[in-house]
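Undergrad: using only what follows, build the 3D model:
(2 chains)
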Amino acid sequence: MSRAEAVLMVCVALTPERLRSVREEQWRADLRDGPSLGISRSSLLVGALCSSTIARFHESVHRGSQMLSHFTRGKNMKLALSMLGVAVVAIGGTAVGLNAAQPKTDYAAVAESKIVAGYEGWWNSTPADGSGKDLPKETVAVNTTTGKIVDAFNRAKNDAHQVTSISDVHFDVVPDPTWPAKAVVIIDTATGKVIESFPVDEKGRPILPRP
Amino acid sequence: MENLGRVTPATAMVLEALLSAERVWGLQIVKDVGKKPGTVYPILDRLESAGWIVGEWDSAEDRKGPRRRYYRLISEARPLAQDYVNVQRAKAPASSSHPRPAMREGRWA
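TA: Here you go, the predicted model:
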């Protein structure tokens, strides 16, 4: 069993029974499709872990309050003691599950997932009136240090609430010696011209001018 | 439909993503909001358990394997969601004219 599968199983086990099959199928689909959207599998697993833990907590609180009301009305002492035992087991199981899952999480990958995943600026913005007719239809962002496309934007896809992947845009980068060094250039794919550029650090973060 | 009580900026962002279409794929919301799944998933769970949104399976038959989960804001929730979004927008500072990084999950694609 892979590490991801093991964490997923912990998440499913933590999820309240009525939601288990739904969440498992949803998370499996997300793990399959997430990377194509630039969302790492490790961050999705952490998300599933958060979601299942919170759901389990709420269910435990809900059950606890129901049982407590029975007890306060003097209905059944055995029931109250059973509830206490179940709570101890549930909390212990949750702690063990989390403990087992935590070290398996790929923290390096999680940290890596915080890397800049694109750029936002006037070229891929949408005016308040919703019309982008004077703005580029499609752009690519090229890091001049690597000469590689690091982000892409297609207005038609954006208008259809779809994400543009780099693979969606067919544009051959021809590095130009006039491009600024250690920068990102925004190129309008229709004309091949640089319409914007800005300096970036080694992690790709824009270096903004001091105010 | 239950009262949401306190609505965080992240919740307002999720509501805004849900308002953008009739139904929205859960992962698309994560992408649009630009927050981690660990933030967005619990918000979606909360909205669903409060009766604000309804989860639906992807009906595309050409996609094999597990189905994608889509979310739809119920019609009664839409005006309230828009109110929350408007309040958060009013609180947000004016955006900079400088290019800025989209700090989303994932690496260079």
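Undergrad: is it true that residue A:168 touches residue A:157?
TA: Yes. The pair residue A:168 and residue A:157 qualifies as a contact (CB atoms under 8 Å) at a distance of 6.9 Å. Bear in mind the C-beta positions are built from the backbone N, C-alpha and C, glycine included.
Undergrad: spatially nearest residue to the residue of chain A found nearest chain B (excluding sequence neighbours)?
TA: As assessed by CB to the nearest CB, chain B sits closest to residue A:47 within chain A, at 2.6 Å. Using CB to CB, 6 or more residues apart in numbering or on different chains and skipping residues adjacent in sequence, the residue nearest residue A:47 is residue B:37, 2.6 Å away.
Undergrad: what segments of chain B are strands?
TA: Using DSSP state E, the strands of chain B run over B:24-25, B:53-57, B:69-73, B:100-101.
Undergrad: could those be laid out in a markdown table, adding distance to residue A:25?
TA: Listed next are these as a markdown table, based on distance: least, CB to CB, whole Å:
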| stretch | distance to residue A:25 |
| --- | --- |
| strand B:24-25 | 14 |
| strand B:53-57 | 8 |
| strand B:69-73 | 8 |
| strand B:100-101 | 34 |
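Undergrad: need the ones you listed in a markdown table with mean neighbour count and distance to chain A, can you?
TA: Converted to a markdown table, these look like this (neighbours: other CB atoms under 10 Å in any protein chain shown; distance: least, CB to the nearest CB, whole Å):
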| stretch | mean neighbour count | distance to chain A |
| --- | --- | --- |
| strand B:24-25 | 20 | 7 |
| strand B:53-57 | 17 | 7 |
| strand B:69-73 | 20 | 4 |
| strand B:100-101 | 17 | 4 |
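Undergrad: what about the nearest residue to residue A:201 once chain neighbours are set aside, how many neighbours?
TA: Using CB to CB, 6+ apart and skipping the chain neighbours, the partner closest in space to residue A:201 is residue A:207 (5.8 Å). Neighbour count of residue A:207, defined by other CB atoms under 10 Å in any protein chain shown: 11.
Undergrad: swap in residue A:193?
TA: Residue A:193 has 11 neighbours, counted by other CB under 10 Å.
Undergrad: tell me the bridge partners for it.
TA: Note on residue A:193: beta-bridge partners by DSSP bridges are residue A:188.
Undergrad: from residue A:136, how far off is it?
TA: Applying CB to CB, to the nearest Å, the value for residue A:193 to residue A:136 is 10 Å.
Undergrad: before we move on, what about residue A:58?
TA: Noted for residue A:58: a distance of 46 Å to residue A:136, by CB to CB.
Undergrad: do the same with residue B:76
TA: For residue B:76, the distance to residue A:136 - CB to CB - is 39 Å.
Undergrad: mind checking which of those two has more residues around it?
TA: Between residue B:76 and residue A:136, residue A:136 has the larger neighbour count (other CB under 10 Å), namely 21 against 11.
Undergrad: residues contacting the more buried one?
TA: A:123, A:155, A:188, A:189, A:190, A:195 (CB atoms under 8 Å, 6 or more residues apart in numbering or on different chains).
Undergrad: again, but for residue A:23
TA: Residue A:23 makes contacts with A:11, A:12, A:15, A:48, A:51, A:52, as judged by CB under 8 Å, 6+ apart.
Undergrad: quick one: buried residues of the helix or strand containing it?
TA: Assigned by DSSP states H and E, residue A:23 belongs to helix A:17-33. Across helix A:17-33, burial judged by 16 or more other CB atoms under 10 Å in any protein chain shown covers A:19-20, A:23-33.
Undergrad: what does stretch A:47-61 contact?
TA: With contact meaning CB under 8 Å, 6+ apart, stretch A:47-61 is reached by A:7-8, A:10-12, A:14-16, A:19, A:23, A:27, A:30, A:87, A:90, A:94, A:98, A:101, B:30, B:36-42, B:45, B:49.
Undergrad: helix or strand for residue A:48, which one?
TA: Element membership for residue A:48, per DSSP H and E: helix A:41-72.
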